[in-house]
Each structure stands twice: as structure tokens, then as C-alpha cells.
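> Curious how this folds, go ahead:
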Amino acid sequence: MSSQGSPGAYHCSSKRGAFPRDERPTLKLKRLSRESLDRAGGSARTSMAADAAAEDTVGSGRRARAIAEPTFAPVSGNGLHVDAEASGTEVASSEFGMAVGLPSVPPSSPRILLVEDDLDQATLLGRWLRSHGYQVTVADSRWRGLEQVKDPSYDLVICDLELPDGCGLDIARESKKHSPRRPCAIATAKGDMDKAVEALRSGVDEFLVKPLTKGPLLERVDGLLEERAEPSQSILAIGAHPDDVEIGVGGILERHRREGHRITVLTVTGGAHGGASHQRADEARAAARRLRAKLQMGSLPDTAVSDGKETIGLIERAIAACKATIVYTHSLHDMHQDHRAVHRATLVAARSVANVFCYQSPSTTTEFRPTHFVDVAATLPAKLELIACHESQRERAYLQPDLIRSTARYWGRFAGYVDAEPLEVIRARG
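This next block holds a predicted model:
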């Protein structure tokens with residue numbers, strides 16, 4: 001979905017059409033009529049004559065200096081405005097969104113959901129956060145915040161306590177229900193101790209009292225994200241060749257990433273039999289970056305991997321280095337000799353790991369008997385992106401997106417008719 005604003009823009013909008021007289025925003029806004037939008041082909045673009053100088057305080061009555069006459073641009077009918085050119089910047093907006101120029105942020109940067117109905121405060125907070133390297137999505141009401149927190153890809157939620165259509169604590173509770181480890185901060189202009197206690201009981205990690213100042217706010221945001229980054233699980237996914245783990249457990253690994261778990265991918269060969277080793281290594285690195293995983297590449301001979309001490313030692317060292325608590329590997333029920341060898345070597349190397357699972361590959365046989373099915377409906381698009389990183393393999397029939405989707409849908413019949421990835425369970429001790 002393309003943006004109606006300029007590349008690198010940060011979008012926000014206020015739900016309220018009117019402000020108290022002494023609290024009206026100083027931004028000069030020019031609304032285009034429906035007829036004007038139609039004549040322009042429905043693509044009115046935001047013009048920015050000057051950038052705003054960010055203030056250092058939010059919520060004290062001070063306002064950001066105005067952008068000179070930005071125009072409104074229409075957003076999509078479902079209320080979610082996505083700027084593909086702005087590296088993932090989004091807004092859960094009202095009927096119209098307003099664009100304010102900000103630096104672009106890498107798509108791998110942490111994502112923050114900001115629930116704030118005040119246009120000026122949302123704009124200024126967004127500037128601070130994006131200038132600090134964070135992706136920002138703004139929701140301007142309680143109900144939009146409740147919808148957005150269902151998305152597990154957000155790393156942090158910052159929510160105003162008093163919203164036009166309800167209480168921000170409802171959003172904090174909903175956030176913890178969907179992502180228990182995701183931190184949530186509540187901001188309020190009232191230093192009310194009873195509200196602070198209620199917020200903490202609702203699972204809120206931080207109670208912020210306005211006026212907010214830039215330095216302390218960013219310091220606390222950094223701290224909350226660092227606390228979340230301390231992983232409760234360390235994941236090791238083992239594949240004989242580049243793209244094996246993405247095919248087998250790409251959706252599951254994306255779920256681990258969204259939960260803040262540390263992920264390591266071990267590929268025991270360079271995959272030379274399936275293409276140039278240097279190209280396949282580059283593709284594996286691209287997929288690992290997309291997954292925010294550490295990649296370890298072995299140099300065992302493709303199509304001639306043994307299940308002996310060399311392979312066992314390679315896997316043992318990877319387990320020790322990442323202190324793996326969960327291991328994913330190939331199934332024994334597989335026609336490819338490398339896959340079977342990696343399976344056998346893993347069982348020896350991972351003998352002390354509490355959780356060991358085997359995934360399906362395109363060469364598994366009808367003897368593959370999964371008993372555990374993981375819902376990947378929300379992460380299947382990310383799995384397809386991981387697989388697409390392996391450009392040299394794109395013509396292979398088993399990597400076509402429709403087949404990947406169909407396979408997930410088939411296994412979903414054992415998991416409540418969702419999209420699922422199947423696993424054989426070797427050990428599952430929690």
C-alpha cells in the first residue's frame with residue numbers, strides 16, 4: 001500500500017475535530033474538498049515548506065513550531081496508513097492522515113506503538129522516537145489501540161491514560177494478553193498514586209507523568225527495550241543447506257523473534273550442490289538479517305554429510321555458544337541423506353537440551369509423523385519473505401508461495417484450521 005505523503009514521512013492524525021479554545025494546535029492545516037481530491041486522482045500529496053524544530057517538552061502546554069500549511073491526504077478505508085517508502089512507518093488514523101517529515105528508519109529497528117489522541121503531542125513524541133532510531137505507529141483512540149496491540153511485532157507500547165473513547169489501561173491489559181513480555185508504558189498529566197497502582201496491577205511496566213522531556217523519555221524507552229531483549233529462550237535451528245530452516249520452521253522462528261527470543265541458525269554446508277556457494281552464503285545472511293538471527297555457516301561437504309564426530313562437534317559447539325534451550329532440526333523420515341545425517345548428529349549433540357523438535361522439508365517421506373502444530377497464520381507472510389531471500393532457488397517448485405501457503409493450510413486442519421507448521425517431538429520439557 002503506497003503512501004500519500006513524501007518518502008520518509010511520519011504520519012499521525014487526531015480523532016478529535018475540536019480542541020478547547022486555549023489548547024488548539026498551532027499547525028495551520030488546509031483541508032481539501034472531496035471534489036478536489038477526486039480531481040487530483042485521489043492522491044493529494046503533502047507539501048512541506050519548512051521542517052519543525054522539535055521542542056524538549058511534551059504535555060506542558062508548549063507546542064511544536066508549525067509546518068507551513070501541510071495538506072491532508074486520504075488514507076485507506078480500513079484506517080491503517082502504511083508508508084512503504086518510510087521503512088515501515090504506519091499510522092492507525094482517522095479518515096485523513098497528516099504527514100510530517102522525519103528521517104527514515106531501518107525496517108529491522110524496534111517498533112513502537114504510540115497511542116495518543118493529541119495531534120501535537122503525537123507528532124513531537126514521534127519525532128523524538130524516530131530520530132532515536134525507532135519505528136513508530138500512532139493510534140489516535142482507544143479502539144484503534146486495542147486493534148493494533150494484537151500485532152505481536154510491536155516491541156513497546158506507549159499509551160496515554162485518558163483517551164477520548166476510554167481508558168488507556170484497557171490497551172495495556174490487551175497488550176499483555178497478546179504479548180506477555182512486551183513492555184507497556186502509560187503516560188498521564190495527573191500524578192495520581194491510585195492510578196499508578198492500578199496501572200501496575202494491569203501489567204504496566206512504566207508510569208510516565210507529563211510533562212515529558214526528551215532525554216529522560218528516550219533513556220527510559222531504551223531501558224524498557226533492553227529489559228525485553230533479555231531472552232527467556234535461546235533458539236537453535238539447524239539445517240543441512242541454506243534455506244532448509246526457512247522452509248521448515250520459518251513461521252515458527254518469526255514467532256520466536258517477535259517474542260524477543262535469541263535465534264541462531266546453523267547451516268552445516270554451503271549448499272554448493274544447489275548453486276554457487278558464495279551466492280548461497282549471501283542469501284543465507286540476508287535471511288538471517290531479516291530474522292535478526294545469528295548465522296553460523298559450516299563447511300561440511302554438500303551431499304556427503306556424515307553423522308559422525310565432525311558433524312556432532314559442529315552442532316555441539318553451536319549449542320554451547322548460544323546456550324540453546326530449543327533446537328529444531330531435520331526429521332529422520334527424509335529422502336535426502338544430508339538431512340538424515342544432520343538429524344542423527346543432532347540427537348547426539350543435543351542430548352542435554354530440554355526441547356528438541358523435527359521439521360518437515362520438501363524431501364520428507366510419508367513416514368513423517370508430526371504431533372505438534374504451531375499456528376503461523378500471523379507470521380506466514382514473514383516466512384515467505386525469508387524464503388524469497390534465497391533468490392538462486394526461486395525456480396524450484398517446492399518454494400513457490402502458493403505451495404508454501406497450501407502446505408501450511410493443510411497442516412492447519414490439525415490445529416483448528418489455521419495456517420500451521422508441523423513438528424515431530426523428540427523432547428518437550430518446557
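> The stretch 101-250 of the chain: helices as residue ranges?
Assigned by DSSP state H, counting those that start in this stretch, the helices in the stretch 101-250 of the chain fall at 119-131, 142-148, 169-178, 193-201, 214-229, 244-258.
> Buried residues, the longest one. List them.
Spelled out, it's helix 214-229. Lys214, Leu217, Leu218, Arg220, Val221, Leu224, Leu225, Arg228 (16 or more other C-beta atoms under 10 Å). The way it works is simple: take the backbone N, C-alpha and C, and place the C-beta from them, glycine included.
> Can you tell me which of those residues is nearest Ala187?
Using C-beta to C-beta, Leu217 comes nearest to Ala187 of the buried residues of helix 214-229, at 9.0 Å.
> Could you give the number of residues near Glu385?
Glu385: 15 surrounding residues under other C-beta atoms under 10 Å.
> Flag whichever of the helices of the stretch 101-250 of the chain has the least confidence on average.
Across those, helix 193-201 has the smallest mean pLDDT, namely a mean of 70.
> What's the local residue count around Leu380?
By other C-beta under 10 Å, 22 other residues sit near Leu380.
> How about Ser109?
17.
> can you list the weak-confidence ranges in the chain?
In the predicted model, the chain carries pLDDT under 70 at residues 1-104, 190-194, 196, 228-231.
> Centre-most residue in this structure?
Ser153 (3.1 Å; C-alpha atoms, centre = their mean).
> Need phi/psi at the closest residue to Gly251 other than its chain neighbours.
Excluding its sequence neighbours, the residue lying closest to Gly251 (C-beta to C-beta, 6 or more residues apart in numbering) is Val376, at 2.9 Å. Val376 has phi and psi values of phi -120, psi 20 when expressed as degrees, to the nearest 10.
> Any idea what the nearest residue to Leu208 once chain neighbours are set aside is bridged to?
Residue nearest to Leu208 in three dimensions, not counting chain neighbours: Ala187, with 4.2 Å by C-beta to C-beta, 6+ apart. In this entry, Ala187 is beta-bridged to Asp160, Leu208, by DSSP bridges.
> Isn't Ala187 up against Lys210?
Yes - using C-beta atoms under 8 Å as the test, Ala187 is close enough to Lys210 to be in contact (6.1 Å).
> neighbour-wise, which of these two wins?
Between Ala187 and Lys210, Ala187 has the larger neighbour count (other C-beta under 10 Å), namely 24 against 17.
> and that one, how far is that from Asp302?
Ala187 sits 55 Å away from Asp302, going by C-beta to C-beta, to the nearest Å.
> Could you list everything Thr213 pairs with in the sheet?
Beta-bridge pairing for Thr213 (DSSP bridges): Thr57.
> Strands along the stretch 251-400 of the chain, start to end?
Counting by DSSP state E, counting those that start in this stretch, the stretch 251-400 of the chain has strands at residues 262-269, 294-300, 326-330, 355-359, 372-375.
> Give me the contact list for the shortest one.
With C-beta atoms under 8 Å, 6 or more residues apart in numbering as the test, strand 372-375 has contacts from 251-252, 255, 357, 411-412, 414-416, 418-425, 428.
> Using ChimeraX, define a selection of the buried residues within these.
Here is the ChimeraX command that selects the buried residues among the contacts of strand 372-375 (16+ other C-beta under 10 Å):
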select :251,252,255,357,411,412,415,418,419,420,421,422,423,424
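> From the contacts of strand 372-375, which land in strands?
Among the contacts of strand 372-375, DSSP state E puts Phe357, Ala420, Glu421, Pro422, Leu423, Glu424, Val425, Ala428 in strands.
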